[in-house]
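**Q** Below are the sequence and a predicted model; questions follow.
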Amino acid sequence: MDGRKAPAGNGLGDLEPGTRQRAQLRTRVADISWTALCVVLALWAVWSAVGVARGATAWAYCAVAWVLLAVALALRAAAIRRRNSL
């Protein structure tokens, strides 16, 4: 129903070893994981900053959230540069 054809006979499926999709799978999963981590850290950082602005005394959580977000974004950028340089 979605327009894809089933592999015929001994043809390779989408994620069989040796296919293009299989080679890209690790990179795609890593991209999704890094994006999810950065989104969660960004939400935590903004939420804690709003709490500190409202007068909450949890400034340490705010600082930790921003540091972890900065580290995650720096590692993500380094991973992209390393992947593109190969």
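**A** Noted; the coordinates are in hand.

**Q** I'd like the average pLDDT over the one helix or strand V50 maps to.
**A** If you go by DSSP states H and E, V50 is part of helix 20-53. Mean per-residue pLDDT for helix 20-53: 92.

**Q** Could you list the buried residues of stretch 75-83?
**A** R76 (16 or more other C-beta atoms under 10 Å). Using the backbone N, CA and C atoms, a C-beta is placed for each residue, glycine as well.

**Q** rewinding a little: starting at the chain centroid, how far to the helix holding V50?
**A** The chain centre lies 4 Å from the centre of helix 20-53; the measure is C-alpha atoms, centre = their mean, to the nearest Å.

**Q** from now on call the first residue 23
**A** With the count now opening at 23, the last piece we talked about shows up as helix 42-75.

**Q** Give me the helices and strands touching it, please.
**A** With contacts defined as 3 or more C-beta pairs under 8 Å, 6 or more residues apart in numbering; DSSP states H and E, helix 42-75 has these neighbours: helix 81-107.

**Q** Just want the angle from the helix it packs on to helix 42-75.
**A** Helix 81-107 runs at 160 degrees relative to helix 42-75, counting by axes from the mean of the first three to the mean of the last three C-alpha atoms, to 10 degrees.

**Q** Please name the nearest non-neighbouring residue to the spatially most central residue of the chain.
**A** What sits nearest the mean C-alpha location of the chain, by C-alpha atoms, centre = their mean, is W56, with 2.0 Å. Ranked by C-beta to C-beta, 6 or more residues apart in numbering and with sequence neighbours excluded, the top spatial neighbour of W56 is R98, at 4.9 Å.
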